[in-house]
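Trainee: Model the following, please.
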Amino acid sequence: MHNRALKNSLMDAPVRVDVVLGEARMPVEELMAMSHGDILALDRETRDQVDIYVSDRLMARGRLVIADGQLGVTLSEIIDERRAA
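Mentor: Below you'll find the predicted structure:
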C-alpha cells in the first residue's frame, strides 16, 4: 500500500521539460545589436532531431511536429544513460 501512495504522489510531482532545438554562440555585442525580425542561425537543420531534457537530464530525442496549429514533439528515441556510460 505504501508503494502505491508513493507512486501516486510522484506521478503528481511537476518536472521541467526542455526541448532543445539547437545552439548558437555569439559575442554579447552581436546579441545586443539584434532587433525584432533578426534571425539567429542554430547549429542544426530543420530535419535534425531535437533533444528532450527532463529536469536537466537528457531523456529522449524527437522530431518537431505541428498538431492542431500548435508546435509539438514526437518521441523517436528514449535515452538510457546507464547504457551510454
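Trainee: contacts, neighbours, all on C-alpha from now
Mentor: Will do.
Trainee: What's the mean pLDDT across whichever helix or strand G72 is part of?
Mentor: Using DSSP states H and E, G72 sits within strand 70-78. The average of the pLDDT scores along strand 70-78 is 94.
Trainee: Against which helices or strands is that strand packed?
Mentor: If you count contacts as 3 or more C-alpha pairs under 8 Å, 6 or more residues apart in numbering; DSSP states H and E, strand 70-78 packs onto strand 57-67.
Trainee: What is the burial count for Q49?
Mentor: Q49: 21 surrounding residues under other C-alpha atoms under 10 Å.
Trainee: was I right about it contacting V65?
Mentor: No. Taking contacts as C-alpha atoms under 8 Å, Q49 lies outside contact range of V65: 11.1 Å.
Trainee: before we move on, the earlier item: what residues of the strand holding G72 count as buried?
Mentor: Under the neighbour-count criterion of 16 or more other C-alpha atoms under 10 Å, strand 70-78 has V73 buried.
Trainee: residues touching the residue nearest to V54 when sequence neighbours are not counted, list them.
Mentor: Leaving aside its sequence neighbours, V54 sits nearest to V17 (C-alpha to C-alpha, 6 or more residues apart in numbering; 4.6 Å). Listed by C-alpha atoms under 8 Å, 6 or more residues apart in numbering, the contact partners of V17 are 52-55.
Trainee: Which of those residues fall within strands?
Mentor: Counted as lying in strands by DSSP state E, out of those, are 52-54.
Trainee: Tell me the confidence at the residue nearest to V54?
Mentor: 94.
Trainee: Could you measure from it over to R25?
Mentor: To R25, V17 is 23 Å away according to C-alpha to C-alpha, to the nearest Å.
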